[in-house]
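requesting a structural model of the entry that follows:
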Amino acid sequence: MRDSESHSRSGRGVWTAMATVAVSALALTGRVASHRAAGVSDAETPSHRSLGAGISHHRGWRDRTWRPSADPLAAAMRADPKYHRYLPKIYPGFDMSSDDWYHRPREDTVPSSLGDATTTERERDFDLPGLPPRSVTHGGERGAKVKNSFKVCLDNGAGSWDKAFARGIDRLFVPGVCFGEVVERSCADADVVIFNEHDFIWGGAHRDPATHAIELPPKSHENQVYMYFAHEAAGGFGSELRDSKFTKQFDYLSYVDRTRSAMWWPFGPTLRTLTDDFAVFGKPRAARVPGIAWLATDCVEPRASMVTAIADEFPVFSMGECLRNSPTPHGLPQRGAVDPSSHGAFQSAMSDYMFYFAVENAGACEGYATEKVWMALSRGSVPLYFGTDDVYDTLPDPHAIVDLRKFTSIAQLAARLRAIATDPKEWRKVHAWRYRDPASWPVGFRELIRATSTDVKYGVCDVLMKGPRGYARSEGRRQARCETRMEVLGKTLGKAGWGAGEYIGKSSKTKVMTPPTTHLERRCEETSGKCWSLRSEGRG
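Down below sits the predicted model:
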């Protein structure tokens, strides 16, 4: 995930630093807070009429009012502000009060001011947003022993984490759920030690100076649990994940690929970001520039040669350091901006473009999709994307993206993009998912939202509760390579096709990217559809 999409060495997306916004809709409690996060008022009612505003029962979305004024997701949140039953469970059976935890803290002596669980708490499901975790004490007295309360240590501290794309990761650094105490660096007496990939790859943590191999300190006691959090593609910058000697040093892996890790830690939109972005998602087609936006630092294959070839047939605004042919939007948030207003500013600026080139820097990797595709979807910029089948299982609608696997040539792709850009029916088709009842969204997409919106500590605690009975240990398991035989736009990936290696570093050895004005007519200075239009085919 170290991408490309940043103006900094760590490379992950200039703009998306604001994705560091660790505020999750699941942290909101009560109906009023839920309304505030959803951007709706208490006066609005969660009726079916509000979910279907702008719909014609006979003809589908009306041409003039096909964008409903009310957000269906906000209505669903308002109707069920605590349990969010329209989202599937991802930690079934999790119970803080259970006596059957596989991993146990050495000492259940963390002071607590919480009393016994109430009858309502005992009966409720614990995979819930908006509710505090249940902590059961013996006797209900302050300072009494607390069940399943662990001392957790952050190896090298919270400051060693790259938080730009890890939504809600700050919640990992504070007590709650089964985290009775959170300390940094001094991990000898900790029950759980959490390591992070950024510290190993970019910070050089625990590397042997002679062999450069990563060697973890030995556990201080036999019941200590080591967990590794990773967000890089195993076939790219996260190559350590393919080294079984490395992975066997951990008990559990928390990673993007759900099938090859214990705890699923994906990129994706949250309830908060989806509702916050609803206004820009609804920006009309006519208000957007009919072109492809792209922000990248590293000109890595296969995407560098791919996007350059696309620019020969359809307008591409490359605004990052890689193959730049357009200026970066004024005021775009820089890396490190974490406040919601910065997220909003980025999404607003990038929503001026109809499309976004969301191809991963490592190409198609099993189970791996980063913020690029999700942020574009959330703001209504149609992503140009390709990935493995398991990634598609988490999409809100197969029509919501332009799947580059389905085209045999750049010319065929350009024709499809032109159709979306000029035909109101095609535009509505790729955006229809956002106006549907969230309960009807595909299960994989709803599970993704549940995972990204839930306090990350729940995932860790569920692993500690179930252990290898429910989650696979690392035990030297290796992550999958990225796909090199897939055919995209008439060529295979890899050195024989799009990965021919024309581009090195931040510049092309052979050519520059075609400017977007080759394919566009410009009538004024604004970044808006009223100033830009596609040239007639055959012109330019």
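
show me where the stretch 351-500 of the chain has helices.
Taking DSSP state H, counting those that start in this stretch as the test, the helices found in the stretch 351-500 of the chain are 371-379, 389-392, 410-422, 424-431, 443-453, 456-466.

give me the distance from the last one to the chain's centre.
In terms of Cα atoms, centre = their mean, to the nearest Å, the gap separating the centre of helix 456-466 from the centre of its chain is 20 Å.

most tightly surrounded among the helices of the stretch 351-500 of the chain?
Among those, helix 371-379 has the highest mean neighbour count (mean count of other Cβ atoms under 10 Å), at a mean of 27. To be clear about C-beta, it is placed using only N, CA and C from the backbone, and glycine gets the same treatment.

least confident secondary structure element in this protein?
helix 48-51 (a mean of 30; mean pLDDT, DSSP states H and E).

ok, so what distance separates Trp374 from Ile449?
10 Å (Cβ to Cβ, to the nearest Å).

ignore what I typed, I meant Ala414.
33 Å.

repeat that for Asn361.
In terms of Cβ to Cβ, Asn361 sits 24 Å off from Ile449.

and Glu537, by the same measure?
The value you get for Glu537 to Ile449, if Cβ to Cβ is used, is 39 Å.

likewise for Phe386?
22 Å.

skipping adjacent residues, who's closest to Pro468 in space?
Distances taken as Cβ to Cβ, 6 or more residues apart in numbering place Tyr102 nearest to Pro468, at 7.1 Å, with adjacent residues excluded.

for that neighbour, phi and psi?
phi -70, psi -50 (degrees, to the nearest 10).

can you check the pLDDT for it?
Tyr102 carries a pLDDT score of 96 in this model.

contacts only, for it.
Leu464, Met465, Lys466, Gly467, Pro468, Arg469 (Cβ atoms under 8 Å, 6 or more residues apart in numbering).

kindly reformat those as TSV containing distance to Cys531 and pLDDT.
Shown next, in TSV, are these (distance: Cβ to Cβ, whole Å; pLDDT from 0 to 100):
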residue	distance to Cys531	pLDDT
Leu464	56	97
Met465	57	96
Lys466	56	96
Gly467	59	95
Pro468	59	94
Arg469	60	93
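
so for stretch 434-444, mean pLDDT?
Mean predicted confidence for stretch 434-444 is 97.

identify each buried residue in that stretch, please.
Arg434, Tyr435, Pro438, Trp441, Pro442, Gly444 (16 or more other Cβ atoms under 10 Å).

and the residues you listed, which is closest to Gly235?
Gly444 (21.9 Å; Cβ to Cβ).

the closest one reaches Pro396, doesn't it?
No. Judged on Cβ atoms under 8 Å, Gly444 makes no contact with Pro396 at a distance of 9.2 Å.

could you look up the SS state of Ser533?
Assigned by DSSP: H, G, I helix; E, B strand; the rest coil, the conformation of Ser533 is strand.

distance check, it against Trp441.
33 Å.

one more: Ser98?
Here the criterion is Cβ to Cβ. By it, Ser98 lies 31 Å from Trp441.

over to Glu483?
26 Å.

with Gly157 instead?
Counting by Cβ to Cβ, the gap from Gly157 to Trp441 is 38 Å.

now do the SS call for Ala293.
Quick answer, by three-state DSSP: Ala293 is strand.

so it makes contact with Phe357?
Yes. If you go by Cβ under 8 Å, Ala293 and Phe357 touch, sitting 7.3 Å apart.

one step back: shared neighbours of Trp374 and Ile449, which are they?
With Cβ under 8 Å, 6+ apart as the test, Trp374 and Ile449 both reach Gly268, Pro269.

that older thread, need the contacts of Tyr102 in JSON lines (columns: distance to Val316).
Formatted as JSON lines, the contacts of Tyr102 follow (distance: Cβ to Cβ, whole Å):
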{"residue": "Leu464", "distance to Val316": "47"}
{"residue": "Met465", "distance to Val316": "48"}
{"residue": "Lys466", "distance to Val316": "47"}
{"residue": "Gly467", "distance to Val316": "49"}
{"residue": "Pro468", "distance to Val316": "48"}
{"residue": "Arg469", "distance to Val316": "50"}
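
ok now stretch 418-434, how far from the chain's centre?
24 Å.

brain fart, stretch 382-393
From the chain centre to the centre of stretch 382-393 is a distance of 13 Å (Cα atoms, centre = their mean).

so that it lines up with my notes, have the first residue be 25 from now on.
OK, 25 is where the count begins now, so the last one is stretch 406-417.

in the protein, what spans have low per-residue confidence?
For the chain, the stretches with pLDDT under 70 are 25-93, 132-169, 189, 358-363, 500-502, 519-520, 523-535, 562-564.

from Pro339, how far off is Asn349?
Asn349 is 10 Å from Pro339, by Cβ to Cβ.

quick check: neighbours shared by these two?
Pro540.

more crowded one of the two?
Pro339 (30 against 19; other Cβ atoms under 10 Å).

would you agree that one is in contact with Gly315?
Yes. Look at Pro339 against Gly315 with Cβ under 8 Å: they come within range, at 3.7 Å.

any residues in contact with both of those two?
Common neighbours of Pro339 and Gly315 (criterion: Cβ under 8 Å, 6+ apart): Pro540, His543, Leu544.

I'd like to know which of those is nearest to Gln273.
Pro540 (48.1 Å).

without its sequence neighbours, what residue ends up closest to the closest one?
Pro339 is the one closest to Pro540 (Cβ to Cβ, 6+ apart), at 3.6 Å.

show me the contacts for the one you found.
Applying Cβ under 8 Å, 6+ apart to Pro339 gives the contacts Val313, Pro314, Gly315, Ile316, Pro540, Thr541, Thr542, His543, Leu544, Leu558.

next one: the fifth one from Ser173, what distance?
Relative to Ser173, Pro540 is positioned 57 Å away (criterion: Cβ to Cβ).

do the first one as well
Applying Cβ to Cβ, one obtains 54 Å for the distance of Val313 from Ser173.

end to end, how far does stretch 236-251 reach?
21 Å (Cα to Cα, to the nearest Å).

next one: that stretch to chain centre, how far?
On Cα atoms, centre = their mean, the centre of stretch 236-251 falls 29 Å from the chain's centre.

hmm, who's touching that stretch?
So stretch 236-251 is contacted by 127-128, 130, 211-219, 224, 229-232, 264, 269-270, 273-278, 286-287, 484, 487-488 (Cβ under 8 Å, 6+ apart).

appreciated, that's everything.
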